Every structure is written in structure tokens, then in C-alpha cells.
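# The sequence and its predicted three-dimensional model are supplied below.
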Amino acid sequence: MAAAAVNRFLKEFPEALSEGVGAVFVGAGVSMAAGYPSWSELLQEIGEELGIGSRDVLDLAALAQWSIQESGGATRVRGVIKEHIGVDRPLPESLRVIARLPVRHIWTTNYDRLVERAFNEINRPIDVVSAAKDLALKAAPGAARLYKMHGSVDRLDDVVISTDDYELFRSRRGAYLPLLQAHLTGMSMLFVGLSFTDPNVKHVLSLIRESFVDAPPEHFAIVRPPKREDFSSDDEFRARQTQHRLWARDLRRYGLVAVEVENYEEVPELLRQIERRVAARRVWVSGSWPVDVGGPRAVGVYELAEQIGFRIGKAGLDLVTGAGLLVGSASIAGFLDALRDGGGWDLERRLIARPFPQPLVDASVNRDHWEALRQELARQSGVVIFLGGLKSVDGIDAAADGVLREFTLAKEQGAFLLPVGATGGAAQEIASCLIGSELASSGSEAVRPTDDELRALMDESAATSELLARVTKILDRVSKKG
């Protein structure tokens, strides 16, 4: 069952993300992986002040409630949250991957700022909704939304922690509920860091049951079974192991498929597999051709780039482009024709464009900016088609350094490398480099065409239609594998 659940997750969740209906729920386990305390650890001092061990109390919200009642206010509890959660901890790799996924909606009951920091690290915009009234604010164009339904450490006067807060959730923060239920209805949600010891989990899962008594929508939860080293005695380990097994089985009542990992260290790699499978549907057409070098060959490169862009659109794949000279505009034109021909545009989801700023004559190029753009394009692409890649220096043609750099970055990311050597320039040099290389050319690990295919794509006498047919055949094979 465990292997079947993982395989199902690796197949279905990337599809949901590609279709724009994938969401993520970040649980307490993610914060703990960063070094933040668990609930019982967070309230340990509070419990000691009350003469109660926090590990001996099952209802930790009640422990916070008792502290508030005894002290006459929530200042002490909020102070503990600020002290332990208000400091920045190292970002877990799992959140770095999540920030790179095409996810637009993220939910959490955590107070920390880990998600915000992961997005800020890659300059990806994110709107934070940590109070119910924030839901009325207009979302920033293109930004993902983070719903901190139990509040945030930077707004301690409005966090959910005590019994009162949970019991009055509907009256104080009830605006979250219909939106969460809508996302649980129409999206596939991935729960990361979920634990049956997290007191917030029951609250969230109950919302699913309220809406779907018989057949809830299916979601996924990455969970880690208890390990012997986590406990001081065999009896405690066996008891917790049994509880986990029953809890994981019980998740089915809520439509959650439990995806079990042996260790939390496996989670980033599992998410990276999701990232690569999403990328497999994205094709980067890399290349360029100097505008002052015309002639039949330039026309041929333009026509091929345009028709490849059209085939990408027709195949339901996404186009990635840096809008390189001649090649970029041609592939975009063909791609848009395919979308228009199909009766819809859907550009926001299917076209990933990061145009390289072209300086004025005699102006210097911002190399660091170009490098950052290339790294982002390589990270988001599962297949990279190289066309041309030519530059003219004092009237002498040479391979474009930028396209060769894009080849290196794409290879480092594990993308499928598809050079059309017949178009000359860097593409020809890349094809020659790949022929006979140790990079896999067959099976599920293939990252390049076979030697015979590479040689056929280097045939300068081949008509544009022949080159297109060969590229299309390879692209079909690779996209089905992804």
C-alpha cells in the first residue's frame, strides 16, 4: 500500500499542479524540521508555572486557556510564542521546493514566517492572509496566497491558541472556512508535516467532514511513522506506532491518502520529484540568431522555431522562453497560434516568459541578471530544445555563449536535452557533445535523444518538415514518460 500510495501521489499531484488546481497545507512537522518547538515543547514553561507537565496534557489548547485564566490575560502565552517562534530558523528544503512549485494557494496553522521567507528568497510574490479581515483585500496580481488561519507571530494579538480561540473560531475567523472548504472541494491538497499529535489537525479535518459525509474529495498527506529512537521505551514506541497506524488508516475518512516516508529527510526529494514531473510538461525553446545575419538559413530557423512552438501548444504542453533573438519570438508566435486555434489562451498558466533585457547600442549587459534568468528557466523546464545559438563577431559566425551556458544549466537540472544541430551555432556544438556521451538516451532515465536521432537532427540537407517531424516524435516520447 505504501508504494502504491507514493506512485499515485507522484502521478496525480503533478497533474493537479499543472492544471492549476493543486494546493498545499503546511503542518507543524515542517516548522519542527526547521528547529521550532512542538506544541508540547512550546507550552512546557507554561505548564511548569501551573505545576503541570505539558507532555502529560492531551489538550494543549486547554493548557494555554488555564494559563490565561490564572494570569488574567494572554500576555504570558503570547510572550512564549514571540520568544520561541519569533526568531528566524534555517529554511527547510521542503519549503524551498514548495515555493518553486506552481501552487497558488497555501494553508497553514503555523505561526512562523517560514513560508513567506521561502518565497522571498526567490523573489516570488506572496500575499499573507493572517486575519479574517485580510480576506477582503485584493490579491496582488500573480502572487500566491498564504492563509495563516490560526494567525501569525507578527500579529500576536490575533492568534488561535486557547480553548476559547478554538470554540469561538467561527465567530472570530469564520470567513476562512467557506474558502478552505471550497479549496478542499475543487482542488487536490497536499498536507505536509501532518501529525496526529498536532492539536490543529482535528480542527482542519473536521471541516472536511462537515462538507463531505460520504465521499470527500481525495487529497494527499505525507506522513512519517514513529521510530524507535523517538521514544525512551519499547512500550511507548509500540503504543505510538499502533496509534499512528490507526490514524493513517482513519485519514481515509477525510479523503486523505497517506504517503508514508521513512524519514523526514526523504520529503524534499519526494517534492523534488513532483517538481521535475511538473517541469516535464514544460518545454524551453533555447536559441538565438543575430538579426544582421539573414538569408535562407535564418528563414529556416524562424520557420522551425515557429512550428515547434505550435506543436508544443497543440500537445497541451507549456512553453518556456527567454525570448531570444528571432528564435524566441518565432516560438512564441507559433505557441500563441496553437492556443488561439484551440479556442483559448490560458497564457498565465501555460506561457512562462522571462525576456532577456537587450541593452541599447554601446550599453553594457547586466550579466548577473541574465544568469539569474537562465537559472530560473532551467529550473522550470523538463525539456530544452536548442535551435541555432549563433552570434556574429566582426563578421565571423560563432556559437552563442549564452546558449551554451543554458545547455550547462539545463544539464545540471536533469532536463531532457534536445539540440537540432542542423540549425548550426551552439545547437550544432551541443549535439556533437551529446553524441556518444554517457548521458542516458533510453529508458525512464533518458535525458537526451539517441545517437542516431542526434545525427538525423544534424542533417543540414533535411527539410524543415523533416526536422519538425523528428523533434515532434522525440517530444511525444519524452512527454509521455514524464
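Looks like it came in fine. Residues are numbered from 1 along each chain as shown.
# Could you use CA atoms for every contact and neighbour count after this?
Fine.
# Excluding chain neighbours, what is closest to the most centrally placed residue in the chain?
The residue lying closest to the centre of the chain (C-alpha atoms, centre = their mean) is L101, at 1.5 Å. Of all residues not flanking L101 in the chain, E275 sits nearest, at 6.2 Å (C-alpha to C-alpha, 6 or more residues apart in numbering).
# one step back: per-residue pLDDT, the residue nearest to the centre of the chain?
The model reports L101 with a pLDDT of 93.
# swap in A333?
On pLDDT, A333 comes in at 94.
# Can you get me a residue count around R100?
R100 has 17 neighbouring residues, counting by other C-alpha atoms under 10 Å.
# quick one: the residue nearest to L101 from Q380, how far?
8 Å (C-alpha to C-alpha, to the nearest Å).
# got it, and I308?
On the measure of C-alpha to C-alpha, I308 and Q380 end up 19 Å apart.
# Wait, a helix at the residue nearest to L101?
Yes: when DSSP: H, G, I helix; E, B strand; the rest coil is applied, E275 is found to be in a helix.
# Any figure for the gap between it and H183?
Taken as C-alpha to C-alpha, the span from E275 to H183 is 21 Å.
# ok, those two, which is more surrounded?
Neighbour count, other C-alpha under 10 Å: between E275 and H183, E275 has more, with 23 against 17.
# wait, isn't the more buried one in contact with V97?
Yes: between E275 and V97 there is a contact at 7.4 Å, judged by C-alpha atoms under 8 Å.
# Low-confidence ranges, this protein, go.
In the predicted model of the chain, residues 1, 53-60, 195-203, 207, 211-216, 294, 343-345, 359-363, 481-482 satisfy pLDDT under 70.
# in it, which spans are strands?
Taking DSSP state E, the strands of the chain run over residues 22-26, 105-108, 126-129, 144-148, 188-192, 219-223, 256-260, 282-288, 318-321, 351-353, 383-388, 390-393, 396-399, 416-420.
# possible to save those strands as JSON lines with mean neighbour count and distance to R117?
Shown next, in JSON lines, are those (neighbours: other C-alpha atoms under 10 Å; distance: least, C-alpha to C-alpha, whole Å):
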{"stretch": "strand 22-26", "mean neighbour count": "22", "distance to R117": "14"}
{"stretch": "strand 105-108", "mean neighbour count": "23", "distance to R117": "14"}
{"stretch": "strand 126-129", "mean neighbour count": "21", "distance to R117": "10"}
{"stretch": "strand 144-148", "mean neighbour count": "22", "distance to R117": "12"}
{"stretch": "strand 188-192", "mean neighbour count": "24", "distance to R117": "17"}
{"stretch": "strand 219-223", "mean neighbour count": "24", "distance to R117": "22"}
{"stretch": "strand 256-260", "mean neighbour count": "23", "distance to R117": "26"}
{"stretch": "strand 282-288", "mean neighbour count": "29", "distance to R117": "26"}
{"stretch": "strand 318-321", "mean neighbour count": "26", "distance to R117": "26"}
{"stretch": "strand 351-353", "mean neighbour count": "19", "distance to R117": "23"}
{"stretch": "strand 383-388", "mean neighbour count": "27", "distance to R117": "29"}
{"stretch": "strand 390-393", "mean neighbour count": "18", "distance to R117": "40"}
{"stretch": "strand 396-399", "mean neighbour count": "14", "distance to R117": "39"}
{"stretch": "strand 416-420", "mean neighbour count": "28", "distance to R117": "31"}
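# how about those strands in JSON lines, adding distance to L475?
As requested, the strands of the chain are exported to JSON lines (distance: least, C-alpha to C-alpha, whole Å):
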{"stretch": "strand 22-26", "distance to L475": "25"}
{"stretch": "strand 105-108", "distance to L475": "31"}
{"stretch": "strand 126-129", "distance to L475": "34"}
{"stretch": "strand 144-148", "distance to L475": "31"}
{"stretch": "strand 188-192", "distance to L475": "28"}
{"stretch": "strand 219-223", "distance to L475": "30"}
{"stretch": "strand 256-260", "distance to L475": "31"}
{"stretch": "strand 282-288", "distance to L475": "9"}
{"stretch": "strand 318-321", "distance to L475": "12"}
{"stretch": "strand 351-353", "distance to L475": "17"}
{"stretch": "strand 383-388", "distance to L475": "8"}
{"stretch": "strand 390-393", "distance to L475": "24"}
{"stretch": "strand 396-399", "distance to L475": "24"}
{"stretch": "strand 416-420", "distance to L475": "9"}
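# between the ones you listed, which gets nearest to Q69?
Q69 lies closest, by C-alpha to C-alpha, to one member of those: strand 144-148, at 25.7 Å.
# what's next to that closest one, contact-wise?
Applying C-alpha atoms under 8 Å, 6 or more residues apart in numbering, the set of residues contacting strand 144-148 from outside is 103-111, 115, 125-131, 139.
# Can you give the distance from it to the centre of its chain?
Computed by C-alpha atoms, centre = their mean, to the nearest Å, the separation of strand 144-148 from the middle of its chain amounts to 14 Å.
# CA atoms of it as CSV?
Output in CSV follows, covering the C-alpha atoms of strand 144-148 (Å, rounded to 0.1, in the frame of the first residue of the first chain):
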residue,chain,number,x,y,z
ALA,A,144,0.4,33.2,-4.4
ARG,A,145,-1.7,33.4,-1.3
LEU,A,146,-0.8,32.1,2.2
TYR,A,147,-3.7,31.6,4.5
LYS,A,148,-2.5,31.6,8.1
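# So what pairs up with the nearest residue to D397 once chain neighbours are set aside in the strands?
Excluding the flanking residues, the one nearest D397 by C-alpha to C-alpha, 6+ apart is K391, at 5.8 Å. As for beta bridges, K391 partners with A398 under DSSP bridges.
# Endpoints of stretch 158-176, how far apart?
Using C-alpha to C-alpha, the end-to-end distance of stretch 158-176 comes to 14 Å.
# Next one: the residue lying closest to R350 once chain neighbours are set aside relative to I312, how far apart?
Leaving aside its sequence neighbours, R350 sits nearest to D318 (C-alpha to C-alpha, 6+ apart; 4.6 Å). According to C-alpha to C-alpha, D318 and I312 sit 7 Å apart.
# Same check on D250?
Counting by C-alpha to C-alpha - D250 and I312 are separated by 43 Å.
# Compare these two and say which is more crowded by neighbours.
Just comparing D250 and I312: by other C-alpha under 10 Å the higher neighbour count belongs to I312, 25 against 14.
# how about the more buried one, what does it touch?
Contacts of I312 (C-alpha under 8 Å, 6+ apart): 283, 318-319, 335.
# Farthest-apart pair in those residues, please.
It's V283 and F335 that sit farthest apart of the contacts of I312, by C-alpha to C-alpha, at 11.2 Å.
# Can you work out which residues contact both of those two?
Joint contacts of V283 and F335 (C-alpha under 8 Å, 6+ apart) are 312, 319.
# got the contact list for D154?
Residues near D154 by C-alpha under 8 Å, 6+ apart: G86.
# Distance-wise, check it relative to N263.
Counting by C-alpha to C-alpha - D154 and N263 are separated by 31 Å.
# swap in S31?
Using C-alpha to C-alpha, we find S31 at a distance of 15 Å from N263.
# Much appreciated, bye for now.
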